[in-house]
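Trainee: sequence first, predicted model second:
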2 protein chains.
Amino acid sequence: MATRTDAPTRREQILKEAARLFAERGFHGVGVDEIGAAVGISGPGLYRHFAGKDAMLAELLVGISEQLLRGAKRRLAEADGSSGADVLDSLIEGHIDFALDDRPLITLHDRELDRLRDSDRKLVRQLQRQYVELWVEVVREVYPALAEPTARSAVHSVFGLLNSTPHLGRPGSLPGRAVTAELLHRMARGAFGAAGE
Amino acid sequence: MATRTDAPTRREQILKEAARLFAERGFHGVGVDEIGAAVGISGPGLYRHFAGKDAMLAELLVGISEQLLRGAKRRLAEADGSSGADVLDSLIEGHIDFALDDRPLITLHDRELDRLRDSDRKLVRQLQRQYVELWVEVVREVYPALAEPTARSAVHSVFGLLNSTPHLGRPGSLPGRAVTAELLHRMARGAFGAAGE
DNA sequence: CAGGGAGGTTAGCGGTCGTTAACCTGAAGG
DNA sequence: CCTTCAGGTTAACGACCGCTAACCTCCCTG
């Protein structure tokens, strides 16, 4: 898969702006006219690209969940043979990249899940669960003392830590992306270590 | 201040149910009729107790912020003379109690702030900021190597970790409140330690 | 150069929601 | 016993919102 160099399609523009607006004001707090205005067209014009407002949210949430899971699986495959600790580091790094680069999506991911149609919600939940279980396995390999429910709680808590990036102030006020990423990484490792000792 | 033993007032019932519903489906996703139904009256009946739907959210968010800050100040005063590490432990313990006992409020706290009137939002932001700064001071006392912006980021991240309780499954599926509290506490300390080393 | 589809537009419908108005009722107090 | 008032009720209004209908306008293509 080649790196994208083409201009973003209209669909992609819409999804990006919708994600930003949903994250800022909540799904029900944003009107289709606003989403349209954000990409320079009017509300009903969106229906040339999406079946409805719900469909935009569904595509966003399914997309995030798939992307996270795919990335984690890839890292797991690439790091095959490495130590468990290295694999865990790789997972943490991937999640941090996502949290820092797609902050609106991180916000949506755990906030608007209940606004989905039943089938979509089930799909997203399943993808999320797979992602969590993948982490749980790696964590338990590194910290064998952890029982499975404890490991799962620890994983959810570290997600909470890593997903705190939207609260760290506007992107400009951060001490620099690399520094922030490194801080989050150290803290995540420290949290797991304290859980598993 | 005596411990409450009286039955909850109607106002308190309403606030509690509104908090639960807002946390479940978002402020815009809940109608006044639903809130009324949750306490056994009909929608417009709520207006005998609150000026409007906004007023309920405002009272909830201001109340949480005040409660958090008041509790932290009390713990700081009570632990005067103790080591910094003990004070930090006390702060962590207080936040965990809140996160475990008032999960809907934790959810609202960082999710629906933007739905407030300007003046209310400023008030809540100010209270939140005071709470954070109080933590930052204690954290920097325990970990002097931490620069202030780094310490603030670390505090926000630990809040993310502690506030992950709503994602840990329904109250019944947790490994037990005390066990969960202890796990969260250890992880928070571990995260701060890793940030400040 | 016809024509057809992609991608817009505005007008408007139907439903929902917050809020108000008008009315009712039961219990407390003089 | 009459009044008052807290705390309800139902009806209805006005605004908003998601979505559809109907129409327009390029641009590509045979």
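Mentor: Perfect, I can see it now.
Trainee: using CSV, list the CA coordinates for stretch A:136-152.
Mentor: Coordinates of each C-alpha in stretch A:136-152 appear next as CSV, following Å, rounded to 0.1, in the frame of the first residue of the first chain:
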residue,chain,number,x,y,z
VAL,A,136,-4.2,-8.3,27.5
GLU,A,137,-2.3,-11.3,26.1
VAL,A,138,0.9,-9.3,25.6
VAL,A,139,0.6,-7.7,29.1
ARG,A,140,0.2,-11.1,30.7
GLU,A,141,3.2,-12.4,28.9
VAL,A,142,5.3,-9.6,30.3
TYR,A,143,3.7,-9.7,33.8
PRO,A,144,2.7,-13.3,34.4
ALA,A,145,1.7,-12.4,37.9
LEU,A,146,-1.4,-10.6,36.6
ALA,A,147,-4.7,-12.5,36.6
GLU,A,148,-6.7,-12.0,33.5
PRO,A,149,-9.4,-9.7,34.9
THR,A,150,-6.7,-7.6,36.5
ALA,A,151,-4.7,-7.4,33.3
ARG,A,152,-7.9,-6.3,31.5
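Trainee: which of the residues in that stretch are classified as buried?
Mentor: Residues of stretch A:136-152 classed as buried by neighbour count (16 or more other CB atoms under 10 Å in any protein chain shown): A:Val136, A:Val138, A:Val139, A:Arg140, A:Val142, A:Tyr143, A:Leu146, A:Pro149, A:Thr150, A:Ala151, A:Arg152. For the C-beta atoms, the positions are set from N, CA and C on the backbone; glycine is no exception.
Trainee: once you drop chain neighbours, what's closest to A:Glu66?
Mentor: A:Leu127 (6.1 Å; CB to CB, 6 or more residues apart in numbering or on different chains).
Trainee: for that neighbour, what are its contacts?
Mentor: Going by CB atoms under 8 Å, 6 or more residues apart in numbering or on different chains, A:Leu127 touches A:Val62, A:Ser65, A:Glu66, A:Leu68, A:Leu69.
Trainee: can you tell me the helix or strand for the first one?
Mentor: The reference is to A:Val62. Per DSSP states H and E: A:Val62 is located in helix A:53-78.
Trainee: in the helix or strand just after that helix, which residues are buried?
Mentor: Taking DSSP H and E as the definition, the helix or strand that follows helix A:53-78 towards the C-terminus is helix A:84-101. Within helix A:84-101, the residues that count as buried by 16+ other CB under 10 Å are A:Gly84, A:Val87, A:Leu88, A:Asp89, A:Ser90, A:Leu91, A:Ile92, A:His95, A:Ile96, A:Phe98, A:Ala99, A:Leu100.
Trainee: and the pLDDT for the second one?
Mentor: On pLDDT, A:Val87 comes in at 98.
Trainee: could you count how many residues lie near the closest residue to it other than its chain neighbours?
Mentor: Computed as CB to CB, 6+ apart, the closest residue to A:Val87 that is not its neighbour in sequence is A:Ala79, at 4.8 Å. Per other CB atoms under 10 Å in any protein chain shown, the neighbour tally for A:Ala79 reads 17.
Trainee: what packs against the lowest-mean-pLDDT helix or strand in chain A?
Mentor: Ranked by mean pLDDT, DSSP states H and E, the helix or strand of chain A with the weakest confidence is helix A:103-109, at a mean of 94. Using 3 or more CB pairs under 8 Å, 6 or more residues apart in numbering or on different chains; DSSP states H and E, the elements in contact with helix A:103-109 are helix A:10-25, helix A:53-78, helix A:84-101.
Trainee: what mean pLDDT does the second one have?
Mentor: Averaging the model's pLDDT scores along helix A:53-78 yields 98.
Trainee: where does the prediction get shaky in chain A?
Mentor: A:1-6, A:171-172 (pLDDT under 70).
Trainee: who in it is up against DNA strand C?
Mentor: Residues of chain A lying near DNA strand C by CB under 7 Å from any atom of the strand: A:Arg10, A:Gly36, A:Gly40, A:Ile41, A:Ser42, A:Gly43, A:Pro44, A:Gly45, A:Arg48, A:His49.
Trainee: what about the fourth one, distance to A:Tyr47?
Mentor: Separation of A:Ile41 from A:Tyr47 (CB to CB, to the nearest Å) stands at 11 Å.
Trainee: which residue is nearest the middle of chain A?
Mentor: Centroid check for chain A by CA atoms, centre = their mean gives A:Ile106 as the closest residue, at 4.4 Å.
Trainee: next to DNA strand D, which bits of chain A? Give me the list.
Mentor: So chain A meets DNA strand D at A:His28, A:Val30, A:Gly31, A:Val32, A:Asp33, A:Gly43, A:Pro44, A:Tyr47, A:Gly52, A:Lys53, A:Asp54 (CB under 7 Å from any atom of the strand).
Trainee: what about burial for these, which qualify?
Mentor: Buried subset of these (neighbour count, 16+ other CB under 10 Å): A:His28, A:Val30, A:Val32, A:Lys53.
Trainee: residues touching the first one, list them.
Mentor: By CB under 8 Å, 6+ apart, the residues touching A:His28 are A:Arg115, B:Gly26, B:Phe27, B:His28, B:Gly29.
Trainee: which two of these have the greatest separation?
Mentor: Pairwise distances among these were taken by CB to CB; the largest, 12.8 Å, belongs to A:Arg115 and B:Phe27.
Trainee: these two - which one has more neighbours?
Mentor: Taking other CB under 10 Å, A:Arg115 and B:Phe27 do not tie; B:Phe27 has more neighbours (24 against 21).
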